[in-house]
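Peer 1: quick one, structure for this:
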Amino acid sequence: MVKRKKQLILEYRQEHGLENAGAQEIRRIQAELGRLDPGRRPSLSYIANVLRQAGTRVEFNHRYVDPWMEEPYATRLKGLLQFRNLETAECALRKLDEAYREYQKASDRKGANLVRSLALKGKQRAEGLAANPGVSPARRAEKREIASWFRVWLESPDLFFDWLEVRKSSEEFQITLARPAGGQSSL
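Peer 2: Sure thing, here's the model as predicted:
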């Protein structure tokens, strides 16, 4: 019986008593799994995410791995980074902005920096999807737009939502990205 990658990662975690894992440990796990099953070597981000879900403190900077967060940040910020489409991206940016302003008001630099880190991950992930030739041209255009939203928010959070309203009413946006009245998109 062939073991699944996730199971092998969790077994490695248990055997080595991993409470913390950095890039070196994640690469070691990847090499070990590649040795066991050369054709199915898991990505570094997959390994990092499996370890994190299992409770390991993962310190690994990668666009597909959220920054490590301790409580109360983890509970407050978990799941906020969503951008399946333009609507979910706008909703995510509103929630991230709300959290960012709460942390700023409380003079919590750590919390504010975590929010900015999540927004940067959103920008990087959207850019990655926008550059992926396996994604349809319409979806790539949508992800380019979303990446620009994250970029503008990171550069000017105080002006972002005013800018977004102007951007969404622009002729270019209306022609290339706006959804028809029926809610269906050509994207």
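Peer 1: show me what the helix or strand bottoming out on mean pLDDT in the chain packs onto, helices and strands only.
Peer 2: Scoring the helices and strands of the chain by mean pLDDT, DSSP states H and E places strand 57-59 at the bottom, with a mean of 82. Under the contact criterion of 3 or more CB pairs under 8 Å, 6 or more residues apart in numbering; DSSP states H and E, strand 57-59 touches strand 20-22, helix 44-53. All C-beta spots, glycine's among them, are computed from the backbone N, C-alpha and C.
Peer 1: show the subsequent helix or strand relative to it.
Peer 2: Per DSSP states H and E, the first helix or strand lying C-terminal to strand 57-59 is helix 73-77.
Peer 1: show me the domain layout of the protein.
Peer 2: Here the domain parsing of the chain from automatic domain parsing is 5-59, 73-176.
Peer 1: Throw those into CSV and include mean neighbour count, thanks.
Peer 2: Conversion of the domains of the chain to CSV gives the following (neighbours: other CB atoms under 10 Å):
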stretch, mean neighbour count
domain 5-59, 16
domain 73-176, 16
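Peer 1: low pLDDT regions in this structure?
Peer 2: Scanning the chain for pLDDT under 70 picks out 1-3, 62-69, 179-187.
Peer 1: ok, which stretches of the chain are helices?
Peer 2: Using DSSP state H, the helices of the chain run over residues 5-15, 23-36, 44-53, 73-77, 86-105, 109-130, 137-155, 160-169, 171-176.
Peer 1: need those in CSV with distance to Phe60, can you?
Peer 2: Converted to CSV, these look like this (distance: least, CB to CB, whole Å):
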stretch, distance to Phe60
helix 5-15, 13
helix 23-36, 5
helix 44-53, 5
helix 73-77, 16
helix 86-105, 21
helix 109-130, 12
helix 137-155, 21
helix 160-169, 29
helix 171-176, 36
